[in-house]
Structures are given as C-alpha cells and as structure tokens.
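Enquirer: no sequence on this one, just coordinates:
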C-alpha cells in the first residue's frame, strides 16, 4: 500500500520559514518523481514544485521561485519543501505527490498524493 505522509506545517509570521517533509512508503521512491501541490480555501489545487528522480531537476510555479526549494533524500524515501520569505497568500493545505512520470505546471498529474498539512502565514 502506497502512503505519503506530510509533516512540518504550522503557523508562521510573514517573512518566516517552514520545512515540509513527505515520508513515502510502498513504492520505489528513487524511481518516482515527486511534487508538492497546495490548495487555499475556496480555490482549486495548485501545482507548486516538482523534482525528477533521474537527475534531480526541479520545476516551480512562478510565484514561489526564489523562495521555495524542493529536494529529496532517496536514502530516507523522503521529500522536502523548504519555504522561505513566506507570505499570507502562501496560506494553504500543502500536499505531496509521487508518480513514475514527471509533470509540472497546469497539466501536472500524479498518481499518489498524501493527506496534506496546513500552512498558515499570518500578516
């Protein structure tokens, strides 16, 4: 059974930082691309970032570039999203996802997704 479990969310002030983690089990993590999505209240789920399994190439939505960094540790089957310079508009539930195929942007599609972790940025 594939499981993705996010952690590290919480309440932070504007300008602060958080590191989200995603522990993955039930699949060969080192052979799967990984991504993060987010969903704010009343809005559709949005692609945030992705990292490939083969060369660790990374992709970001434009409004997080330079502030967020996606990374992975294949030895721990864990992915990360480092978030700096957080803004109130970053407030959302953040989901990690995995798939054999890398995709990003509006067309991003991932077979496996976690339950999410809440990130709230206060102004």
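Expert: Structure received. Please read all numbers here as calculations on a predicted model, not as lab measurements.
Enquirer: per-residue pLDDT of the spatially most central residue of the chain, please?
Expert: In the chain, the residue lying closest to the centroid (CA atoms, centre = their mean) is residue 36, at 2.3 Å. In the predicted model, residue 36 carries a pLDDT score of 98.
Enquirer: over to the one 10 residues further on?
Expert: Note for residue 46: predicted pLDDT of 97.
Enquirer: and for the one 3 residues further on?
Expert: Here, the pLDDT recorded for residue 49 equals 98.
Enquirer: please name the bridge partners of it.
Expert: residue 36, residue 60 (DSSP bridges).
Enquirer: repeat for residue 10
Expert: Per DSSP bridges, the residues bridged to residue 10 are residue 119.
Enquirer: surely it meets residue 120?
Expert: Yes: Residue 10 is within contact range of residue 120, at 7.3 Å (criterion: CB atoms under 8 Å). Every residue, glycine included, has its C-beta placed from N, CA and C.
Enquirer: compare the two (neighbour count), which wins?
Expert: residue 120 (15 against 12; other CB atoms under 10 Å).
Enquirer: hey, where'd the strands end up in the chain?
Expert: Remark: strands assigned in the chain by DSSP state E are 3-7, 10-13, 18-25, 33-39, 46-51, 58-60, 68-73, 78-83, 92-99, 112-113, 117-122.
Enquirer: out of these, which is closest to residue 106?
Expert: With respect to residue 106, and counting by CB to CB, the nearest of the strands of the chain is strand 46-51 at 7.0 Å.
Enquirer: pipe the strands of the chain into a markdown table and attach distance to residue 106 per row.
Expert: Listed next are those as a markdown table, based on distance: least, CB to CB, whole Å:
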| stretch | distance to residue 106 |
| --- | --- |
| strand 3-7 | 22 |
| strand 10-13 | 28 |
| strand 18-25 | 22 |
| strand 33-39 | 12 |
| strand 46-51 | 7 |
| strand 58-60 | 12 |
| strand 68-73 | 18 |
| strand 78-83 | 19 |
| strand 92-99 | 15 |
| strand 112-113 | 17 |
| strand 117-122 | 22 |
